[in-house]
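>>> can't give you the sequence, but here's the structure:
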Ligand SMILES: Nc1ncnc2c1ncn2[C@@H]1O[C@H](COP(=O)(O)OP(=O)(O)O)[C@@H](O)[C@H]1O
Ligand SMILES: [Mg+2]
């Protein structure tokens, strides 16, 4: 089995407070890994660190992140410009964080494509339309003509997913991509992720606080608590024979809630 990403003993602090504690995690290529844990456990910090999106107040005291064998934490700003988006894509909880409110979707979409690919405008437009249809945006031209605020949460999240996928990243990071959506849109976006997983050769790391989401989507599950990984295993190991008390607790909570039947 080939690994795309390896986290080695990551210790990260905010103002002398440990937020990630000795994180060791291996992400196998073309698999989906769910990172599950309650709010404040450090899930977003781990994803943002992988994308080099943390502020200067986040201090990595120790550790390495290897992406295809390349050390990410020591890369300079220039190298990051060709990796962020292109090699590693990210989808956020709230797609509006991602868009420029003053520009139509079309301008933002084509800008991203022209930044990373040497494409003429027509090819870029066709690429966008095709990718949008693949995430069930069936009238791409109408969506492209809109401003971000004119889209519903679910639509905006689909556009964000299409934009990320257009760059064909090797690694797709998704930070609670359905948490801000209504229940129906949540279900639809999760189905979209499942299709992406089946269709694309892509490694996905998805952060969620919901075990049911992990069960629905993941090949492997990492359980986080208080900045550490308490348990890692295949989906079936974690769901059907959890070892750690915290994993058992999360599974109990999920059973009680039964928000989502995947
Ligand atoms: N910019 C920041 N400055 C200080 N503390 C932060 C900052 N961002 C996150 N934290 C702290 O780090 C911990 C983990 O946060 P986060 O990674 O957002 O957790 P999660 O995504 O699992 O909810 C929390 O205790 C949070 O308060
Ligand atoms: Mg978070």
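Structure's in. What do you need? A quick note: this is a predicted structure, and the numbers were derived from the prediction, not measured. Ligands and ions are numbered 1, 2, ... in the order given.

>>> ok, the residue found closest to residue 149 once you drop the neighbours it is linked to in the chain - how many residues close by?
Distances taken as C-beta to C-beta, 6 or more residues apart in numbering place residue 101 nearest to residue 149, at 6.2 Å, with adjacent residues excluded. Every C-beta, even on glycine, is put in place using the N, C-alpha and C of the backbone. Residues lying near residue 101 (other C-beta atoms under 10 Å) number 8.

>>> before we move on, which element is residue 246 in?
For residue 246, the element it lies in under DSSP states H and E is helix 245-257.

>>> And that helix, how far out from the chain middle?
A distance of 23 Å separates the centroid of the chain from that of helix 245-257, by C-alpha atoms, centre = their mean, to the nearest Å.

>>> again with stretch 64-76
Offset of stretch 64-76 from its chain centre (C-alpha atoms, centre = their mean): 18 Å.

>>> okay, how far is it across that stretch, tip to tip?
End-to-end span of stretch 64-76 (C-alpha to C-alpha, to the nearest Å): 15 Å.

>>> Give me the buried positions along that stretch.
Across stretch 64-76, burial judged by 16 or more other C-beta atoms under 10 Å covers 65-67, 72.

>>> Just give me the closest of those to ligand 1.
Nearest to ligand 1 among those: residue 65, at 15.6 Å, using C-beta to the nearest ligand atom.

>>> Quick check, the closest one in contact with residue 75.
No. Counting by C-beta atoms under 8 Å, residue 65 stays clear of residue 75, with 9.9 Å between them.

>>> just checking, next helix/strand downstream of the longest helix belonging to the chain?
In the chain, taking DSSP state H as the definition, the longest helix is helix 183-199. Sequence-wise, the next helix or strand downstream of helix 183-199 (DSSP H and E) is strand 203-208.

>>> Tell me the predicted confidence for the closest residue to residue 112 other than its chain neighbours.
Distance criterion C-beta to C-beta, 6+ apart; nearest residue to residue 112, sequence neighbours excluded, is residue 163 at 5.8 Å. Residue 163 carries a pLDDT score of 97 in this model.

>>> which helices and strands does the helix or strand hosting residue 163 pack with?
Element membership for residue 163, per DSSP H and E: helix 153-166. In terms of contacts (3 or more C-beta pairs under 8 Å, 6 or more residues apart in numbering; DSSP states H and E), helix 153-166 is packed against strand 88-91, helix 105-116, helix 121-134, helix 183-199.

>>> Buried deepest among these, which one?
strand 88-91 (a mean of 24; mean count of other C-beta atoms under 10 Å).

>>> List the contacts of it.
By C-beta atoms under 8 Å, 6 or more residues apart in numbering, the residues outside strand 88-91 that reach it are 47, 50-51, 53, 67, 98, 157, 160-161, 164-165, 167, 169-175, 177.
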